[in-house]
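K.L.:
take a look and give me a structure for this.
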Amino acid sequence: MADALLTPTETAVLWGLHHPYWLGAIAILMVIGLQVGVSLAGQLVRRILKEIGRSPFSLGRWLFHKTTVRDPSPDQKLETILNRLNSLQEEQASLLAEFREQLSDRE
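P.N.:
Numbers count the residues shown, from 1 in each chain. This is a model prediction of the structure:
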């Protein structure tokens, strides 16, 4: 009958007064749990803010990569290689001519 007249808070307080060791253990566990919860929330907020700070750079890098890098077809690659080889061959021919001219000037 006495339990029916007490509120849940009063019942908890009376239980704590009758079981002080359990009350101390529960209080310590609650403080530790609160500390861990606050720490996890802080880490989560820090990570979210870091990602928000990085997002414009990541988006810009992604857009730049998508707009500038296009994989050429194999035919285009071959044409590019042939053009480079032709230009190198022409440069080599002009350098050889200049070398021969220098040699002829020495003699």
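
K.L.:
low pLDDT regions in the chain?
P.N.:
By pLDDT under 70, the low-scoring segments of the chain are 1-4, 66-70.

K.L.:
tell me the buried residues in stretch 40-51?
P.N.:
Of the residues in stretch 40-51, none count as buried by neighbour count, 16 or more other C-beta atoms under 10 Å. In short, each C-beta sits where N, CA and C put it, glycine included.

K.L.:
now do that stretch: distance to the chain's middle.
P.N.:
13 Å (C-alpha atoms, centre = their mean, to the nearest Å).

K.L.:
show the backbone phi and psi for S73.
P.N.:
Backbone dihedrals for S73, given as degrees, to the nearest 10, come out at phi -70, psi 160.

K.L.:
how many neighbours does it have?
P.N.:
Neighbour count for S73, taken as other C-beta atoms under 10 Å: 9.

K.L.:
one more: H18?
P.N.:
9.

K.L.:
tell me the contacts of it?
P.N.:
Listed by C-beta atoms under 8 Å, 6 or more residues apart in numbering, the contact set of H18 is empty.

K.L.:
what does the one 4 residues further on give?
P.N.:
Taking C-beta under 8 Å, 6+ apart as the contact definition, W22 lies against G16.

K.L.:
which strands and helices lie in contact with the host helix or strand of N86?
P.N.:
Secondary structure assignment for N86, by DSSP states H and E: helix 74-106. Judged by 3 or more C-beta pairs under 8 Å, 6 or more residues apart in numbering; DSSP states H and E, helix 74-106 is in contact with no other helix or strand.
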